[in-house]
Structures are given as structure tokens and as C-alpha cells.
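Novice: Fold the following.
(one chain, ligands or ions: 1)
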Amino acid sequence: MNPIRVTIWNEFVHERDVGAVGDFIRSIYPDGIHAHLAGRLDAPDLAIRTATLDEPANGLPEEVLNTTDVLLWWGHCAHDRVPDDLVTRIQARVLSGMGLIVLHSGHFSKVFRRLLGTDCRLRWREIGEKERVWVVAPGHPLTAGVPETFTLPHSEMYGEPFDIPDDGKVIFMSWFEGGNPFRSGVAFQRGAGRIFYFSPGHETYPIYHDPNILRVLANAIRWSAGPTLPPRVTPQPEPLEKVSTPNPLAAINTAELHSTR
Ligand code: ZN
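Specialist: The predicted model follows:
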């Protein structure tokens, strides 16, 4: 079987920050979150490459995007630097079947908001509090091998209300030490593409070193690579039964109204 072709995209800004915060983040992710995840998620059935914002074509030229089965997206402070035409190309790839895994602050990325159609705002607080993650869809492939509940000792609080459409299936819920609940893992389908949003992953905590978090991401890659294209529907089907209602527009050629369909 051909390996799943995975591209891990990172805006790769915080890890290059000058100063104490940048130094701290580099102590957790020396070569960037993208490189760290590529190393930790490596498996025989995956062909993983990385891409970053400052690379030519923002790391995602046609030849890369068109040969990506699953795209992981980590962005935070540079959402506005992602060109709209790239967002349109990613949207088209998802609609035709590419998997998309949106990580942490990617909730506010152009591509996630475009695909979901809502503002995707949420509450947040950064005081290093504990996060407890719960599986709320046991048996779902995204939860395979993940304990029913586990904790992250330090996390950034993301809290409800989370402005996402209600067609998402909630897979994980989180509770934060300060009292807030959050839908921390939500699965969507757009066209033929599967999308998974997973919130744990703030850059100043070693969350992507946690084996449970890595298990969820590995599950998400294999789950989101899964769907196949739905069959194309006939745009103008012949009636299945005899239509006796007189067509009031019979004398007019209405075909030209539909010429772009
Ligand atoms: Zn964050």
C-alpha cells in the first residue's frame, strides 16, 4: 500500500523569535514544531514532509499541495500573511478529499475559518494551568489507544463559547483548572475532505512531547486520509416518472440560464 503523504505546515515564527521567549520555545522545539512533529510522528505507513510560511510559495506550491493526502496546520501570529489564493487552493483540495488537521491557534487561521464559515472565536487565558482532556466519543478512530482521560500539567486555556458550526462531531472535551470547559477535539466533513481540529499545543509548553497528544495526531492523520470522493451526481437528471404538469416556460429557452452549471 502506498504511504499516506503528510505535509506538516508551520508558520515558524515563534520558534525564531529573538529573546527569552524564543529561547524558551527553542528549548522545547529546537528545529520548530513542524520538524519536531515530523520526527515524532514518523511511521512506515507515512511519508512526512514539512513546509513553512517563508519558503517559496509559502511552502505549498501546486506540486506539494496536489500530492498531499493530509495537511497539518500550525499558525498563530502570522495568519494574515497567508495569501488568500493559497487559502482558496487548500479549500479546493479539502473539498476534493485532502485531510486537514488544524492545530491549536490554527482555530483562527484563514483556512479553518474559510472551510467552517464561522468566526471560530473562543475564550483564552495563558497562566499555565492544568488541562484535563476527556474522550467523549469512545470507539471513534480518533480515540484509538487514547485513555478515557489524561492531563497536561500546563496548558493555555481555550474556553467556550467556541464559534464553530454545529455539524462538527465532538471527539474530545477539555476541562481547565480555572473552571472553563472546551470542545478541544472536533471532526468535520467538507465536501470529500475530513477536517479535525485539536486545541492542545501551545508553543511554550511541551504538549507535542506528550504521548497521548501524539497518539491523537497519529490517529487523526490516518482517519483524515480515509475518505474517498463521493460519486458525481448527474446535474440535470431526466424525470423518473411522467411529468404531466404543463411547463409554464415551455416557450422560452431556459437552457442558457443554466449554462454555467
Ligand atoms: Zn497558544
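
Novice: Please name the nearest non-neighbouring residue to the closest residue to the ion within the stretch 151-261 of the chain.
Specialist: Residue of the stretch 151-261 of the chain nearest the ion, by Cβ to the ion: His202 (3.6 Å). Every residue, glycine included, has its C-beta placed from N, CA and C. Nearest residue to His202 in three dimensions, chain neighbours excluded: Glu156, at 3.8 Å (Cβ to Cβ, 6 or more residues apart in numbering).

Novice: burial count for the one you found?
Specialist: 23 (other Cβ atoms under 10 Å).

Novice: and it, what element?
Specialist: Element membership for Glu156, per DSSP states H and E: strand 149-159.

Novice: buried residues in that strand?
Specialist: 150, 152, 154-159 (16 or more other Cβ atoms under 10 Å).

Novice: Export those residues to a markdown table and append columns for distance to Leu257 and pLDDT.
Specialist: Output for the buried residues of strand 149-159, formatted as a markdown table (distance: Cβ to Cβ, whole Å; pLDDT from 0 to 100):
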| residue | distance to Leu257 | pLDDT |
| --- | --- | --- |
| Phe150 | 57 | 98 |
| Leu152 | 56 | 98 |
| His154 | 59 | 98 |
| Ser155 | 54 | 98 |
| Glu156 | 52 | 98 |
| Met157 | 52 | 98 |
| Tyr158 | 47 | 98 |
| Gly159 | 48 | 98 |
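
Novice: Can I get those residues in TSV including distance to Leu103?
Specialist: Below are the buried residues of strand 149-159 laid out as TSV (distance: Cβ to Cβ, whole Å):
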residue	distance to Leu103
Phe150	18
Leu152	14
His154	17
Ser155	13
Glu156	13
Met157	16
Tyr158	12
Gly159	18
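
Novice: when you check the ion, which of these turn up near it?
Specialist: Contacts with the ion within the buried residues of strand 149-159, counted by Cβ under 5 Å from the ion: Glu156.

Novice: If anything else comes up later, I'll come back, but that's it for now.
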